[in-house]
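Participant: Here is a sequence with its predicted model. Questions after.
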Amino acid sequence: MTRIISLCLFIAALYCSYQGWFRYDFWENNSPGSGFIPVIAGVLLGIFSLNVFIKNEKASLALNKNHLYQVLGSFLLLGSVQVFGMIISIAAFMVVWLIVIEKFPLSRASIYGVATTTVIYIVFKVALSVPLPEGVFGI
């Protein structure tokens, strides 16, 4: 299972590098452009995921439910960001993850989810004025 995940991460790394290099400018006006970080992150992710893929033992291909939950949860989070927006998606993902996977009580999971998304909102939206995906609710 680890080899499958590392292969998926390598494909994601190729996609990030491609987008950063061709869709956004990697270098513009003698300074890094908006594609600089995605290219660097994609290259590093590609190197590390290939390293895991190559060094992983072939005998450890057993299906682990926790790995599957992580991959499915990540894809659900990414898909829900476009529909519901970044803030709502992260809050819901954290609460559901903490309740279902980590077995936290609802009250504790809700506090962690709300606190984390509040910090994300304050840092990125308020302090740095970074536009976050808003979704259908405009949040």
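Facilitator: That came in fine, so what should we check first?
Participant: contacting residues for Ser6?
Facilitator: 49-50, 52-53, 56 (CB atoms under 8 Å, 6 or more residues apart in numbering). No exception for glycine: its C-beta is placed from N, CA and C like everyone else's.
Participant: Okay, the closest residue to Arg23 other than its chain neighbours and Gly42: tell me how far apart.
Facilitator: Nearest non-adjacent residue to Arg23, counting by CB to CB, 6 or more residues apart in numbering: Gly35, 7.0 Å away. Gly35 sits at a distance of 10 Å from Gly42 (criterion: CB to CB, to the nearest Å).
Participant: intersection of neighbour lists for those two?
Facilitator: Gly20.
Participant: Now name the helix or strand holding the residue most central in space within the chain.
Facilitator: By CA atoms, centre = their mean, the chain has its centre lying nearest to Ser74, at 6.5 Å. Using DSSP states H and E, Ser74 sits within helix 65-84.
Participant: now do Val52
Facilitator: helix 36-55.
Participant: Might you quantify the distance of that helix from its chain's geometric centre?
Facilitator: 14 Å (CA atoms, centre = their mean, to the nearest Å).
Participant: what comes up buried for it?
Facilitator: 36, 38-39, 42-43, 45-46, 49, 52-53 (16 or more other CB atoms under 10 Å).
Participant: which pair in these spans the largest distance?
Facilitator: Phe36 and Phe53 (26.0 Å; CB to CB).
Participant: Spell out which residues make up each domain of the chain.
Facilitator: 1-62, 63-138 (the TED database).
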